[in-house]
Structure formats: C-alpha cells, structure tokens
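Student: this one's structure only:
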C-alpha cells in the first residue's frame, strides 16, 4: 500500500518503508481521503491517530495542518507545519503552507521568510508565487510584488487572486488602464458568483474613475491651450465610459470654439440623450445652431433650455438676439428684459436692449441702458463704443439715433458657451 501526500491539490505517492508502518500508512491514507473530500473533522481525527502510530511522520503533520487551516484554526495549523519542518527541515511544502497560514494571520515577516525559502527549495508553485506577491504588496514592496504576481499569472493563466492583487496595486498607483485590465482578467478567471459580483462592481466604479481622470487631463490640456490634445483625452474618456456627459459637453464646447459646429452639435445630441433635462446642453446646442445659421433650431433649443431652467439669463439674451435678427423686436425686448431682471450686472444684456430701444425710437431708454452698461464695462474699446452711442442719443439726428441695419447687426452680442 502506498502513502499519499496532500498539498495544494498535488498528490504524491511515496513507497512503503517496511511492514511495521502498515497500520500507520493505512490510517494516514484514510485521513488524506477524508481531507480530499473536505470532511475536515474526520481527517483531523484520522491524521492524529496516524501520528500516534508514527510520531515522526512529517506528511501527517503537514496534512493535518492543511485541515486545521481550512477550518480557520491558523495557530494549530502553524504548529503542525512547524513540527513537520522539525522532522524534515528542507520540506518545502510545509514551508509554503506555513507561509500562507502566516500571511492569513497577518504575520507578514514570517510569511515572507517562509515563502522565499520555499521558492528556493522547490519548483515555482503558483500558490507560492501568488502568495509571495500578495505578501510583498501588503509590505509595500510594490515593484517586486508586481513581478511576483505577473510570474504567477504565467504559471496559471486563470489566477484570479494574482490578477485581483495586481489590479489593487495599479489602482493605488492611479494606473487605471492597467488596473482595469487586471480586474477584467480576474473576472475572466473565476466562476465564483460572489467574486464576480464584487469584481463587476469594482470594474464599473473604476471605469468611471478612470474616465473622470481622463476628462480631468483633457481639461488641463485645454487650459494649457492644447485643444487637440484635450479632445484626444475626451475621446479616450468616452471609450472607457460611454455615458460620461461632462466629456461629451466639453468636447462639444471645444469643437464649437474652434469652429467645428457640426461636431459640436453631435456631441450635444449625445449628451442630451444621456441627460435630457440638462438646460445648459440645450443652450449650447442652440449656440452651435446659431453659428450654423439655423435660427429656427436655435430658437427651439433656447426655448427648451428655458423650459428646464427659467433663470438662465444667457438663454434669454441669446434667444432675444435671434428674435432681434428676425426683426421680432417686441419678443427680443421681452427676452433682453428678462435676462436683465435675472442678472442686472451683465452689461451685454443692457447694451442689447439699448439697441432695441434705439431701433424703436426710444432714445431716452436706449441712452439709459447704454449708461448702465458703461458703468459695468471695464474693456476700453467697448467703453468707447458705448460712450459714442450715449452721445448719439443725446445729440439726436434725422434718424433719432437709430443705427443702420449693418451697424446694428455688428453690435448685437451673443454670449458664447462657457469654456470647458
């Protein structure tokens, strides 16, 4: 009859050493069979009997330690592994098992010492290398931990523990791309339902975090004046998270700024699909339509913006400008006045309304708006224009201070979308 070793699901048949060991070997193998079937209490009883028959059996100590470890009795497991090593100091299975038990117990230094020695004495076992990487990760030796964990994944392609640990390291290093890749491989490597639920939640959350980081880098590039690089970051962010509305909006605003109004509208369309009650998105899409010389679509979008935010002064001003250009002066006047009632400190609103009053022949009201606008304006060139308008209103003329259509058109002011 042969004697079988149990470690990490590896079975080794050892030869008999004489008739006197027959009973101990029988009991040992019964204990091992119980251990393989996860009948842990029975395995412990049988292996304990085997040790009474043969107190120098390092295999029985090791495998009883495995049973104790599975029951969560780590102290007893460590004692048994240590006894096995007293009998056979170069027995690397017991070293590896004690190292993993010490890791579970939180003894990182002891675990590291055992696992390093086990790796020296035996072949590269996936459990040894994986646990070694996890120990080094916990000790903060991240570079070496990454090397160990990568090696562990070459020893076993389906290694969820190693991939998960790699993901955690990369996540702490803010290397979200590598972290996502590692977590996805962990997901592919396991069929454990609870682990899958946790991994999928982590992947979703990390994907959002990664996309937000890319969005942030895009904003930084934009502020540094590199609009193309900003757009590239937002392209990447939207590949990671196709629902990231801020990236759609800011990419659209940048397209608008550089004159690619059609692309801007496409981005605003996508953003509105994801966030259909966002007033700002309708307003900036209206601005793009205005620049594309599609006033009806611009009016419709300004009105939609105001449906969701009745205090959007800029939407009132810009819709008023479209009405103004269509010579619907009463509607323009109403919108400019609403904008001023919401934000009386905006000189552009006052200047635009002054143009309406001038067009309608109300010189005093026009002059009053221009004076208020002048008080609020610091830009010298605009101050000069406003002062000229005030003087014209005061002096009067055959046209009662009215501007020609070309003059009026050049002085209307649309408030463009905010920068990203």
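Tutor: Received it, and whenever you're ready, just let me know what you need. This is a predicted model, so every value here is computed, not measured.
Student: Quick one, grab the pLDDT at residue 7.
Tutor: Here, the pLDDT recorded for residue 7 equals 42.
Student: Let me fix that, I meant to ask about residue 120.
Tutor: Reading off the model, residue 120 has pLDDT 87.
Student: For it, give its distance to residue 114.
Tutor: Distance, residue 120 to residue 114, by CB to CB, to the nearest Å: 11 Å. Heads up, the C-betas are built off the backbone N, CA and C, glycines and all.
Student: low-confidence ranges in the protein?
Tutor: Applying pLDDT under 70 to the chain flags the ranges 1-22, 122, 396-413, 416-418.
Student: what about 90?
Tutor: 1-24, 90, 92, 119-125, 157, 392-420 (pLDDT under 90).
Student: Regarding it, what is its longest helix?
Tutor: Counting by DSSP state H, the longest helix found in the chain is helix 193-223.
Student: Please identify the buried residues of that one?
Tutor: 195, 199, 202-203, 206-207, 209-215, 217-219, 221-222 (16 or more other CB atoms under 10 Å).
Student: which residues of this structure fall in strands?
Tutor: 3-7, 10-14 (DSSP state E).
Student: contacting residues for the spatially most central residue of the chain?
Tutor: The centroid of the chain falls nearest to residue 209 when counting by CA atoms, centre = their mean (1.6 Å). Taking CB atoms under 8 Å, 6 or more residues apart in numbering, we find residue 209 in contact with residue 176.
Student: For the nearest residue to residue 352 once chain neighbours are set aside, grab the count of nearby residues.
Tutor: Leaving aside its chain neighbours, residue 352 sits nearest to residue 336 (5.1 Å; criterion: CB to CB, 6 or more residues apart in numbering). When neighbours are defined as other CB atoms under 10 Å, residue 336 has 29 of them.
Student: again, but for residue 381
Tutor: Residue 381 has 8 neighbouring residues, counting by other CB under 10 Å.
Student: Distance check, it against residue 388.
Tutor: For residue 381 relative to residue 388 (CB to CB), the value is 11 Å.
Student: Residue 239 too?
Tutor: Computed as CB to CB, the residue 239 to residue 388 distance reads 52 Å.
Student: can you map out the helices along the stretch 51-200 of the chain?
Tutor: 58-70, 74-87, 92-105, 108-121, 126-139, 142-155, 160-172, 176-189, 193-223 (DSSP state H, counting those that start in this stretch).
Student: Any buried residues in the fifth one, and which?
Tutor: By that I understand helix 126-139. So, applying 16+ other CB under 10 Å, buried residues of helix 126-139: 126-137.
Student: swap in the third one?
Tutor: In terms of neighbour count (16+ other CB under 10 Å), helix 92-105 has its buried residues at 92-103.
Student: so how far is it off the chain centroid?
Tutor: Mean C-alpha position of helix 92-105 versus that of the full chain (CA atoms, centre = their mean, to the nearest Å) differs by 36 Å.
Student: per-domain residue ranges of the protein.
Tutor: Structural domains assigned to the chain are 1-123, 320-420, following automatic domain parsing.
Student: what about the closest residue to residue 254 other than its chain neighbours, distance to residue 177?
Tutor: Sequence neighbours aside, residue 227 is the residue nearest to residue 254 in space, at 5.4 Å (criterion: CB to CB, 6+ apart). To residue 177, residue 227 is 23 Å away according to CB to CB.
Student: So for the two, which residue has more residues nearby?
Tutor: residue 227 (16 against 13).
Student: Enumerate the positions of stretch 376-390 that are buried.
Tutor: Quick answer for stretch 376-390 (16+ other CB under 10 Å): 377, 382, 385-386, 389-390.
Student: cool, and stretch 327-334?
Tutor: Quick answer for stretch 327-334 (16+ other CB under 10 Å): 329, 331-334.
Student: with those in mind, which one is nearest to residue 293?
Tutor: Closest to residue 293 out of these is residue 332 (18.1 Å), distances taken as CB to CB.
Student: how near is that closest one to residue 354?
Tutor: According to CB to CB, residue 332 and residue 354 sit 12 Å apart.
Student: Equivalent analysis for residue 150, please.
Tutor: 70 Å.
Student: Those two: who's more crowded?
Tutor: Taking neighbours as other CB under 10 Å, residue 150 and residue 354 compare with residue 354 leading, 26 against 15.
Student: quick one: contacts for the more buried one?
Tutor: Contacts of residue 354 (CB under 8 Å, 6+ apart): 365-370, 373, 389.
Student: Excluding residues flanking it in the chain, which one is nearest residue 303?
Tutor: Once flanking residues are discounted, residue 303 sits nearest to residue 319: 6.8 Å by CB to CB, 6+ apart.
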